[in-house]
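Chemist: Structure for the following, please:
(2 chains)
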Amino acid sequence: MEYASIVSILSAAFAVSFGAIGPALAEGRSVAAAMDAIARQPEAANTISRTLFVGLAMIETTAIYCLVIALLLLFANPLLN
Amino acid sequence: MKSPLETLPLFHIGPVPVTEAIVTTWALMLVLVTGAALLTRRLELMPGTRQAALELLVDTLDTQIRETTGAGPGPYRAFSGTLFLFILAANWSSLLPGVEPPTAQLETDAALAVLVFLSVIWFGIRTRGVAGYLKSFAAPNPVMIPLNMLESFTRTFSMFVRLFGNVMSGVFVIGIIASLAGLLVPIPLMALELLTGLVQAYIFAVLAMVFITAAVGDHAQRRNRQYAQPDGPSPAAEGSASPQTKKDS
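Modeler: As a prediction, the model looks like this:
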């Protein structure tokens, strides 16, 4: 296998694995904060969970970007062929 | 393995290539439109089971729009509700054997995001006028004009990549698992995919509403609220007031 394809496979794996760390930590923090807020103020649970879902989707997007980059490297790599 | 980024045309109508996603989209549109037409054919003052279920659905959508925008759901119900229902149906269509959800293809999501982009401009211009809408780009001060313009493009792009990435990765992972162990093993993942599909449809609709609200601005919102609810305070005001009243009592 040639050099460029090996590098792109490796970097696709790195992109997903390291790109998932940040969003994972961030989602954990935001869910913890939302749980805390709901425990303090149960009557605001609707608003909090709605905002939480939107925020989680925003955070998750960064991981999804990494996934898209990895897929680009694997399936639509402009450097290969 | 088939690349998730490229699409192969199934057949051609004249010079126009027709992909699987287009066929699925049209089938979904047919089902949704005929379903809506049939279900709302005879509406009565005293709702039966069917109409009560429909009213529950519409009322839930209205509540969400009202809570997101802080205004009456009237002008936005058609757009936002259709977005939600279509994306939900598209995401869940992956449960039917042999059907790939059209939202797992780049072009469907891009089209939806472009719709949102255009509708933001449309609603902004309709409520503020062209000059008012253009002035909203210089919102805090004129230095922000390039950033605000850039943002209106990048947020559209990020909506589209978010929906595509989520749905496509679900389909992709289920495909990989099914090729490794076909029987019963992918079922938990498919259940997770149901949840992801619902959340993504919800988020797409809510984000569209958030962007439209930002373009429409406060002034029109207040006017809308008066239109929508002549009696009683808005639910947003109730929600913010209730903790205090509880604390007092």
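Chemist: just the strands in the chain please.
Modeler: Went with chain A since none was named. Under the criterion DSSP state E, chain A contains no strands.
Chemist: let's do chain B instead
Modeler: Under DSSP E, chain B gives strands at B:9-13, B:16-19.
Chemist: got the contact list for the residue lying closest to B:G165 once chain neighbours are set aside?
Modeler: Leaving out its chain neighbours, the residue that sits closest to B:G165 by Cβ to Cβ, 6 or more residues apart in numbering or on different chains is A:I64, at 3.3 Å. In short, each C-beta sits where N, CA and C put it, glycine included. Counting by Cβ atoms under 8 Å, 6 or more residues apart in numbering or on different chains, A:I64 touches B:161-162, B:165-166, B:169.
Chemist: so how far is A:A63 from the residue nearest the centre of chain B?
Modeler: Closest to where the C-alpha atoms of chain B average out (Cα atoms, centre = their mean) is B:A205, at 2.7 Å. B:A205 sits 22 Å away from A:A63, going by Cβ to Cβ, to the nearest Å.
Chemist: Then A:V31?
Modeler: Here the distance between A:V31 and A:A63 works out to 15 Å (Cβ to Cβ).
Chemist: Likewise for B:E20?
Modeler: Distance from B:E20 to A:A63, by Cβ to Cβ: 27 Å.
Chemist: Which one of the two is surrounded by more residues?
Modeler: A count of neighbours by other Cβ atoms under 10 Å in any protein chain shown puts A:A63 above the other of B:E20 and A:A63, at 21 against 16.
Chemist: buried set for the longest helix anywhere in chain A?
Modeler: Looking across chain A with DSSP state H, the single longest helix is helix A:3-40. For helix A:3-40, the neighbour count (16 or more other Cβ atoms under 10 Å in any protein chain shown) marks A:8, A:12, A:15, A:19, A:23, A:26-27, A:30, A:34, A:37-38 as buried.
Chemist: Also stretch B:99-111?
Modeler: B:99-106, B:108-110.
Chemist: One more: stretch B:55-65?
Modeler: B:61-62, B:64-65.
Chemist: same question, stretch B:109-122
Modeler: Buried residues in stretch B:109-122 (16+ other Cβ under 10 Å): B:109-110, B:112-113, B:116-117, B:119-120.
Chemist: Can I get those residues in CSV including distance to B:T69 and pLDDT?
Modeler: Below are these laid out as CSV (distance: Cβ to Cβ, whole Å; pLDDT from 0 to 100):
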residue, distance to B:T69, pLDDT
B:D109, 23, 90
B:A110, 25, 90
B:L112, 19, 92
B:A113, 20, 92
B:V116, 14, 92
B:F117, 18, 92
B:S119, 13, 91
B:V120, 13, 90
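Chemist: Quick one: name the residues of chain A near chain B.
Modeler: Residues of chain A lying near chain B by Cβ under 8 Å from any Cβ of the partner chain: A:41, A:43-44, A:46-47, A:50, A:53-54, A:57, A:60-61, A:64-65, A:67-68, A:71-72, A:75-76.
Chemist: ChimeraX command to pick out the buried ones of those?
Modeler: Restricted to buried positions by 16+ other Cβ under 10 Å, the ChimeraX selection for those reads:
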select /A:44,53,54,57,60,61,64,65,67,68,71,72
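Chemist: Out of the residues of chain A next to chain B, list just those in helices.
Modeler: A:46-47, A:50, A:53-54, A:57, A:60-61, A:64-65, A:67-68, A:71-72, A:75.
Chemist: so who does B:L95 touch?
Modeler: B:190, B:194.
Chemist: change it to 10 Å
Modeler: B:101, B:190, B:193-194, B:197 (Cβ atoms under 10 Å, 6 or more residues apart in numbering or on different chains).
Chemist: of all of chain A, which residue lies closest to chain B?
Modeler: Nearest residue of chain A to chain B (Cβ to the nearest Cβ) works out as A:I64 at 3.3 Å.
Chemist: pLDDT score for that residue?
Modeler: Here, the pLDDT recorded for A:I64 equals 84.
Chemist: what's around residue 49, how many residues?
Modeler: If you meant another chain, say so; for now it's chain A. Around A:S49 there are 13 residues (other Cβ under 10 Å).
Chemist: hmm, I had chain B in mind actually
Modeler: 7.
Chemist: B:G197: what's it in contact with?
Modeler: Applying Cβ under 10 Å, 6+ apart to B:G197 gives the contacts B:87-95, B:101, B:103, B:166-167, B:170.
Chemist: which helix is the longest one in chain B?
Modeler: Max-length helix for chain B by DSSP H is helix B:187-228.
Chemist: Could you tell me how far that one lies from the centre of the chain?
Modeler: 6 Å (Cα atoms, centre = their mean, to the nearest Å).
Chemist: quick one: average confidence on it?
Modeler: The predicted model assigns helix B:187-228 a mean pLDDT of 78.
Chemist: is stretch B:76-88 anywhere near chain A?
Modeler: No: contact of stretch B:76-88 with chain A (Cβ under 10 Å from any Cβ of the partner chain) is absent, the minimum separation being 12.9 Å.
Chemist: List the buried residues for that stretch?
Modeler: B:76, B:79-81, B:83-88.
Chemist: Thanks a lot, see you next time.
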